[in-house]
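Asks: no letters, just coordinates:
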């Protein structure tokens, strides 16, 4: 009897250690797939590879769905796929905010990269972009695709994935989460667009650069949709706050000039 009790205790101890180790591993996983569009579970870092096989391609759109999405200092996250991909769309459904303090890269020629997390996004001082097209970061609840399509981060089952390109950011909350850029230097290729769209926006010692392109900073504090190409906020009852402090810089200078859009005012092109 004593030996049986000892064996039983040993089995329980091993199971407890296994469960603890599994939970600890999951808790420290920085990028996980939520399983709604393909496989589930953590990706291997610190150089996270995100190929087309772990997402779903519909026409020129490549969709990815994450439970957790963080890129820490010294880490990188690289999206890859065929040249037929025009837009890479990533959503975070797990309910925790994303911290980007490493390299966010797309290897797909000319493809735009979209990242939405309704729980919030923070870019740290070591955050960098290496994308081939435009980059859009938002705390929207969903991305509208054309007129009828929808890529939903709050209710993934409500998604309707179509070939239509992203057309709008949709907000369902009266208090959208914030986005902060803390000492980051975020640059995109010439003549492309860099968008930060969400609740309150803080740019603290950050540098945003879009040579001959466009920078969009749009902050809202109510429900509604924001057209991605022609940003107008008339549909929103309340707007959020945008703070640009600590010698932050927004560059759109170049041979053809550029535009900066802040909340609901578009500056004249400047060189």
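Replies: Received it, and whenever you're ready, just let me know what you need. Small disclaimer: the values here were computed from a predicted structure and weren't measured. Numbers count the residues shown, from 1 in each chain.

Asks: contacts and neighbour counts: CA atoms only from here.
Replies: Fine.

Asks: is residue 180 in contact with residue 199, as I believe?
Replies: No - using CA atoms under 8 Å, residue 180 and residue 199 do not qualify as a contacting pair, with a distance of 10.0 Å.

Asks: quick one: which of those two has more around it?
Replies: residue 199 (28 against 22; other CA atoms under 10 Å).

Asks: contacts only, for the closest residue to residue 187 other than its chain neighbours.
Replies: Excluding the flanking residues, the one nearest residue 187 by CA to CA, 6 or more residues apart in numbering is residue 209, at 4.7 Å. Going by CA atoms under 8 Å, 6 or more residues apart in numbering, residue 209 touches 185-188, 194, 215, 250-252.

Asks: how does it look with 7 Å?
Replies: By CA atoms under 7 Å, 6 or more residues apart in numbering, the contact list for residue 209 reads 186-188, 250-252.

Asks: residue 216 now?
Replies: 194-196, 260-262.

Asks: just among those residues, which is most surrounded?
Replies: residue 194 (25 neighbours).

Asks: tell me which stretches of the stretch 151-271 of the chain form strands.
Replies: With DSSP state E, counting those that start in this stretch as the criterion, the stretch 151-271 of the chain has strands at 166-171, 179-182, 185-187, 193-198, 201-204, 207-209, 214-219, 224-227, 242-245, 249-251, 259-262, 265-266.

Asks: quick one: terminal-to-terminal distance for stretch 82-102?
Replies: Stretch 82-102 has its terminal residues 24 Å apart, counting by CA to CA, to the nearest Å.

Asks: give the buried residues for it.
Replies: Neighbour counts using 16 or more other CA atoms under 10 Å place 85-94, 96-102 of stretch 82-102 among the buried residues.

Asks: count the neighbours of residue 157 for me.
Replies: When neighbours are counted by other CA under 10 Å, residue 157 comes out with 10.

Asks: now for residue 175, how many residues are close by?
Replies: Residues contacting residue 175 under the criterion other CA under 10 Å number 16.

Asks: pretty sure it is touching residue 220, no?
Replies: No - the criterion here is CA atoms under 7 Å, and residue 175 misses it with residue 220 at 8.2 Å.

Asks: where do the contact lists of those two overlap?
Replies: With CA under 7 Å, 6+ apart, residue 175 and residue 220 have common neighbours residue 199.

Asks: which ones among the buried residues of stretch 82-102 lie within strands?
Replies: Taking DSSP state E, the ones among these that sit in strands are 87-92, 98-100.

Asks: by neighbours, which of the contacts of residue 209 wins?
Replies: residue 252 (25 neighbours).

Asks: touching, that residue and residue 212? I think so.
Replies: Yes - here residue 252 reaches residue 212: they are 5.7 Å apart, a contact under CA under 7 Å.
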